[in-house]
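S.K.: Mind looking at a prediction? Sequence and model below.
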Amino acid sequence: MIPITSVQDIDVRGKRVLCRFDFNVPIKDGIIGDDWRLKAALPTIQYLIGQKARIIMMSHLDRPGGKRVEKLTLAPIAMRLGELLGKEVKFVDETVGQKVVEAAKDLKEGELLLLENTRFQQEENTNDSEFVEKLASLATVYINDAFGTAHRKHASTYGVAIAMKERAAGLLMLKEVENLSKLLMDPPAPFSLILGGAKLKTKIPVIKNLAHFIDNLIIGGGMAFSFLREKGVPVGDSLVDETLFPDIEALRSILEENNVRLILPLDAVITEEIGEGVDCEVVDIGSIPSAWKGVDIGPATIEYFTSVIIKSKTVFWNGPMGVFEVPPFDKGTLEIAKAMGKATERGSLTIVGGGDTDKAIKGRHIELSHLSTGGGASLRFLTGEELPAISMLKKRR
Ligand code: AMP
């Protein structure tokens, strides 16, 4: 595992600590839908409170595009965090500026302050040096616990880390790195990698990097149709990215060289139009009519994928098996989530990489070894690339 400095390795007692969290939770009309990302940050916050640190918290929420978007204010998050902690969380409706400087200065030992959405400032995404300076001047220590944005070179995730001499990872960041590292360090065999969703391009480097570890590559979701089409199977109007055919061909050779079994769907749920209550049918994978598209894996595929998953000793899954936002096309994804739960019960190492896939797990009493808070970040981690934010937290001699 990458040797990382933990918040517990450094002295934060009584100090002003600037912390980056990933409080990117769904909010509708000011009401928070699912607060699991807030709960995941609590151990670090509670540790800092216990150390009587003066805690200045930053996070992004969604993509406001570098300007103030009222519905994306972090004010409801300050309230919810206050409820979860049983302690006041002060809030300023600015990310930098005089109000922020004063609020940070006024913090007493163990008190908490949340700054406004970092992405209300254009300078966040461009890692602007003046913006970085303003943030860094608020505190003497920097803690990054935002694994979900660890692949971003933004001001609050990267620039500030460089600007601040004392820096460390929060407890969630450490837990994420520790768990995902298990997949890259002698994972128990057989190892099944399950990928789904629409964007094949972002997942190709993961397959390449993991090829010599994995025994099975299970592909579902929209991505599967590019693999099928490339092999000459008719897929009707399903999602296909022909520009990636050369990459798929190259991948097939890599998989063959590494003795990896490529497992594709046997059947599909198809429809002419995506929407709730539309007509749909189940067909064998080679029998999708030209005007129809595959929107979920079918029952034979669920059974097939499940049988492989429950026999695996290591499983990593990212990406839905179908257009899971539109029921009943969520069935395949939910069934794969259940199979992951069964594999966990059998003692296997089961890890799900955030993003959309976590929605199939939560609230369903499905146990996993680890549910990552970062979709894009966990995929990037598994490509073997060093994530910019994590590289800044490495132990220094
Ligand atoms: P990704 O960001 O690559 O993980 O893709 C997630 C998206 O893939 C979700 O919004 C799903 O609706 C979409 N998706 C999954 N399966 C299909 C499919 N068969 N056809 C079209 N989109 C799909």
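M.R.: Yep, it's here.
S.K.: What is the host helix or strand of residue 246 packed up against?
M.R.: Residue 246 is located in helix 245-257, with elements delineated by DSSP states H and E. In terms of contacts (3 or more C-beta pairs under 8 Å, 6 or more residues apart in numbering; DSSP states H and E), helix 245-257 is packed against helix 204-210, helix 223-230. Quick note: C-beta positions are derived from backbone N, CA and C, even for glycine.
S.K.: Out of the ones you listed, the one nearest residue 44 is which?
M.R.: Smallest distance to residue 44 across these (C-beta to C-beta): 27.5 Å, for helix 204-210.
S.K.: Only the buried residues of that closest one, if you could.
M.R.: 204, 205, 206, 207, 208, 210 (16 or more other C-beta atoms under 10 Å).
S.K.: about what we covered before: what's the spacing between the helix or strand just after the helix holding residue 246 and its chain's center?
M.R.: Next helix or strand after helix 245-257 toward the C-terminus (DSSP H and E): strand 261-263. Remark: strand 261-263 is offset 25 Å from the chain centroid, using C-alpha atoms, centre = their mean, to the nearest Å.
S.K.: picking up where we left off before, and the helix holding residue 246, average pLDDT?
M.R.: Mean pLDDT, helix 245-257: 97.
S.K.: tilt between it and helix 223-230?
M.R.: Computed by axes from the mean of the first three to the mean of the last three C-alpha atoms, to 10 degrees, the angle separating helix 245-257 from helix 223-230 equals 90 degrees.
S.K.: how about helix 245-257: buried residues?
M.R.: Result for helix 245-257 [16+ other C-beta under 10 Å]: buried residues 247, 248, 251, 255.
S.K.: same check, this time on stretch 172-183
M.R.: 172, 173, 174, 175, 176, 177, 179, 180, 182, 183.
S.K.: Now name the helix or strand holding the second one.
M.R.: Of the helices and strands defined by DSSP H and E, residue 173 is found in helix 171-181.
S.K.: From the rest of the structure, what touches that helix?
M.R.: Helix 171-181 has contacts (C-beta atoms under 8 Å, 6 or more residues apart in numbering) with 1-2, 4, 6-8, 40-41, 43-44, 47, 144-147, 150, 169, 351, 369-370, 372-374, 377-378, 381-382, 390, 393.
S.K.: avg pLDDT for that helix?
M.R.: 97.
S.K.: Over to stretch 281-288?
M.R.: 97.
S.K.: Verify the stated contact: residue 235 with residue 228.
M.R.: Yes: here residue 235 reaches residue 228: they are 5.4 Å apart, a contact under C-beta atoms under 8 Å.
S.K.: Give the residues shared as contacts by the two.
M.R.: Residues touching both residue 235 and residue 228 (C-beta under 8 Å, 6+ apart): residue 285.
S.K.: quick one: residue 89 from residue 322, how far?
M.R.: Distance, residue 89 to residue 322, by C-beta to C-beta, to the nearest Å: 39 Å.
S.K.: of the two, who's got more company?
M.R.: Shown here are residue 89 and residue 322; by other C-beta atoms under 10 Å, residue 322 has more neighbours (28 against 21).
S.K.: Assign the residue lying closest to that one once chain neighbours are set aside to one of the three secondary structure states.
M.R.: Computed as C-beta to C-beta, 6 or more residues apart in numbering, the closest residue to residue 322 that is not its neighbour in sequence is residue 296, at 3.0 Å. What DSSP: H, G, I helix; E, B strand; the rest coil gives for residue 296 is strand.
S.K.: Count the residues that sit near the nearest residue to residue 137 once chain neighbours are set aside.
M.R.: For residue 137, ignoring the flanking residues on the chain, the nearest one in space by C-beta to C-beta, 6+ apart is residue 101 at 7.9 Å. When neighbours are counted by other C-beta under 10 Å, residue 101 registers 15.
S.K.: Helices of the stretch 251-397 of the chain, start to end?
M.R.: Using DSSP state H, counting those that start in this stretch, the helices found in the stretch 251-397 of the chain span residues 299-310, 331-345, 358-361, 375-382, 388-391.
S.K.: tell me how far the second one is from the chain's mean position?
M.R.: Distance of helix 331-345 from the chain centroid (C-alpha atoms, centre = their mean) equals 19 Å.
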